[in-house]
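Undergrad: Here is the input, now give the coordinates:
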Amino acid sequence: MIEEEILTIDEVAKYLRVSERTVYDWAQKGEIPSGKIGTVWRFKKSEVQKWVDEHISNAKLNPQNTLPQIETIVSPGRIIFMDYPSKRDSLLALAANIASAPQIKNRQEIAQEILKRDELMSTAIGRGIAIPHVRLSSITDLVVSVGISRVDINDFHALDDEPVRLLFMIAAAYNQHAYYLQTLSFFSSRFKNQALRDALLASKDAEDAYRILTGK
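TA: Numbers count the residues shown, from 1 in each chain. Just a heads-up that it's a prediction; the model follows:
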């Protein structure tokens, strides 16, 4: 039996030809397969190599100019209507919805990480919109859930101080960095349109909201 080769941060940095700080940041964010022994990060060489191969393949499949196709990342079942005036309750409700997607392999982890992410910095971007997002190794592919709140959510602390009414929760695999950023940008840009926001808020049910989202 061949013993698994274990690498340090320094060895991974040399192997990938990047800085030690870059490897440390990847490990902290869960972007590269790693684990801690005590307080020290360690990496299995075979998993690092697989991670590199997946990044290369993903770059070929999802070039930088590829725009997200909303039909592939949202479905009527991923759209919910909410009536929670608090950020925490709204995030938990939406996390429960997205966790039922087959792409999500750890339901508890996604709720914890979504809450942790919003505690560090609010994901409310203004105009009544919040885009909570997370990337995890337990997620197999990018998926989105949409929350339409029937009441104002005032404790998101958006820069424009507007209460949040629309939430677009994005969950992606750790190796989908480019696609993840494209999806964030897509929702941020598209819903600058007030008429579109108003139509979504006035939607009668998930099917109606889905038709508005997809333009069908």
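Undergrad: for this protein, what spans make up the helices?
TA: Assigned by DSSP state H, the helices in the chain fall at 9-16, 20-29, 45-61, 70-73, 87-99, 107-120, 177-190, 194-201, 206-214.
Undergrad: Remind me what the shortest one packs against, helices and strands.
TA: It stands for helix 70-73. helix 206-214 (3 or more Cβ pairs under 8 Å, 6 or more residues apart in numbering; DSSP states H and E). Placement of C-beta: from N, CA and C, glycine included.
Undergrad: which of the helices of the chain sits most buried?
TA: Most buried of these, by mean neighbour count (mean count of other Cβ atoms under 10 Å): helix 87-99, with a mean of 20.
Undergrad: What does residue 122 show for phi and psi?
TA: Dihedral pair for residue 122: phi -60, psi 140, per degrees, to the nearest 10.
Undergrad: quick one: contacts for residue 180?
TA: Contacts were defined as Cβ atoms under 8 Å, 6 or more residues apart in numbering; by that measure residue 180 touches 133, 135, 142, 170, 172.
Undergrad: how does it look with 10 Å?
TA: Contact analysis of residue 180 by Cβ atoms under 10 Å, 6 or more residues apart in numbering lists 62, 68, 133, 134, 135, 142, 170, 171, 172, 173, 174.
Undergrad: For the residues you listed, give me JSON lines that also has pLDDT.
TA: JSON lines is the format used below for the contacts of residue 180 (pLDDT from 0 to 100):
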{"residue": "62", "pLDDT": "48"}
{"residue": "68", "pLDDT": "71"}
{"residue": "133", "pLDDT": "93"}
{"residue": "134", "pLDDT": "92"}
{"residue": "135", "pLDDT": "91"}
{"residue": "142", "pLDDT": "91"}
{"residue": "170", "pLDDT": "95"}
{"residue": "171", "pLDDT": "95"}
{"residue": "172", "pLDDT": "92"}
{"residue": "173", "pLDDT": "90"}
{"residue": "174", "pLDDT": "84"}
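Undergrad: In terms of pLDDT, where does the residue nearest to residue 188 when sequence neighbours are not counted sit?
TA: With Cβ to Cβ, 6 or more residues apart in numbering as the criterion, residue 188 has its nearest non-adjacent residue at 5.8 Å, and that residue is residue 125. Note on residue 125: pLDDT of 90.
Undergrad: Would you mind measuring from residue 125 to residue 15?
TA: Computed as Cβ to Cβ, to the nearest Å, the residue 125 to residue 15 distance reads 37 Å.
Undergrad: what do you get for residue 25?
TA: Using Cβ to Cβ, we find residue 25 at a distance of 16 Å from residue 15.
Undergrad: re earlier: who wins for neighbours among the contacts of residue 180?
TA: Counting neighbours by other Cβ atoms under 10 Å, residue 171 comes out on top of those with 28 neighbours.
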